[in-house]
Every structure is written in structure tokens, then in C-alpha cells.
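In: build me a structure from this.
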Amino acid sequence: MAFDLPGFGFSDPVERVAFSRLSERLLRGIDGRFVILGWSLGGLIALDMARRAPERVAGVVLIATNPCFTQRRDWPNAIEVGVFESFAHPIAVAPERALKRFAVLQASNGARRAEVVRELQAAAAWTVPESRVLLATLRLLSQSDMRQVLIGLHCPIALVLGEKDALVPAAIRGELGALAPRLCCYVVAGAAHAPFLSHPMQIAAYVKGFLL
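Out: Residues are numbered from 1 along each chain as shown. Coordinates of the predicted model:
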């Protein structure tokens, strides 16, 4: 079962873009216990869902997710705040063009770069979210810090990183291992920020092994 984030795809936006609103909307659409897989920002929402409904979440799979997306003094392996800020004006003026540019950044340095860019840009062009939703989501991502949430979870957690990811450095593997020793981490050689597009069979095999 796959879900659009509120405000993206064909899903109606929430009144206010916050982890609480996003998580609650998604939790209402799922019955019983489940394992949740989230990519990038979706991984942060998956962590928040597990925190809010621990009795329902049997496991979490994070793909290219950094629990703290922007650099802090105690968290250097993250994106500089200026990278996020550089997207704010283009999103407000021309969101479709900004999403195409973001797709290029997500695929940079990675294997099958041209193909991944095409797939990401095609997905972004399918339904372009409102500028206010994109800006609020960008702000949420830049301010996020889910490290304490990650530490507090007791369900099985797996993290898939791309070796060449320009947004979520694979170097966080060591820091996360110290932060959450129970975390199972897998680095995909040659992959950038969308390893499920560049290396789908490897990702499928890893996720299947984690679930079993």
C-alpha cells in the first residue's frame, strides 16, 4: 500500500504542514499493525508515526533519510542550511522548474544519473503541489531533528543509504550507529538520493530480508 503525502500527488493538503498533522492523516488511512517504509522526508514522517503509534508500527525502513537533515554543531554530516534556502525563491516563483532542478540534485554523482533524473522529473511533473505546500514542507525538513525520536523507538529499524548521495551523506552511518546501536544500516554502492530507482533489485532484496 502506497500513500501520497498530504498536499502531494492526489492527496488534499493539511491545514498546517507539521509532523503531527502529516502523521495523523496517514495513520487514519492504515488498519492494524504495519511496517512502514519512508523515503527522505517520508522517513522522518515514518519515525514520527512510530513514535505516535508504537503499538501499531512493527518496523520502520528508512531510505535516504537523515534524522537531522541540516547541519548542527554536533551533526556535521548533513546539508548546509543555505542549500535549502537556495530553493525557496525558485519554488515561490516557478515550482515546476524548481522541482526539476531538485531532481538533478537528488541524482547527482549517482549511477544511472540521466535515467534517474528523468524518472524523478516525470514524477514531479505529474501533479505539482501548491507553492505554499512546497515551501512549508521545505521549512519543515530544514528544521527537523528526529534524533531523539530515533533513540526512543523500540521496533526494528533499517536504514538504506546511497554511497554517492549529495543530500544525505553516507558518512552518517557511523554517527547513527553510535546514536542507535539497534539500527540496521545498508549502504548501496554507487547510489545517490534515490537508490530505489538506480538499484531497485538491491533495495527490494534488502527490504525483503529485513521483513523476514
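In: quick one: least confident helix or strand in this structure?
Out: Of the helices and strands making up the chain, the lowest-confidence element is helix 81-93, at a mean of 82, by mean pLDDT, DSSP states H and E.
In: which strands and helices sit next to it?
Out: Identification of packing neighbours for helix 81-93 by 3 or more Cβ pairs under 8 Å, 6 or more residues apart in numbering; DSSP states H and E yields helix 95-107, helix 131-143. Just so you know, the C-beta spots here come from the backbone N, C-alpha and C atoms, and that holds for glycine as well.
In: quick one: work out the angle between that helix and helix 131-143.
Out: 170 degrees (axes from the mean of the first three to the mean of the last three Cα atoms, to 10 degrees).
In: if we can go back for a sec, export the helices and strands packed on helix 81-93 to JSON lines and tack on distance to V116 and mean pLDDT?
Out: Formatted as JSON lines, the helices and strands packed on helix 81-93 follow (distance: least, Cβ to Cβ, whole Å; pLDDT from 0 to 100):
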{"stretch": "helix 95-107", "distance to V116": "4", "mean pLDDT": "89"}
{"stretch": "helix 131-143", "distance to V116": "20", "mean pLDDT": "89"}
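In: to A192, which of those helices lies closest?
Out: A192 lies closest, by Cβ to Cβ, to one member of the helices and strands packed on helix 81-93: helix 95-107, at 5.2 Å.
In: quick one: average pLDDT of stretch 195-208?
Out: Summarised as a single mean, pLDDT over stretch 195-208 is 95.
In: on that earlier part again, out of the helices and strands packed on helix 81-93, which is closest to N77?
Out: Closest of the helices and strands packed on helix 81-93 to N77 is helix 131-143, at 15.7 Å (criterion: Cβ to Cβ).
In: strands of this protein, residue ranges please.
Out: Here the chain has its strands, by DSSP state E, at 34-39, 57-63, 157-162, 184-188.
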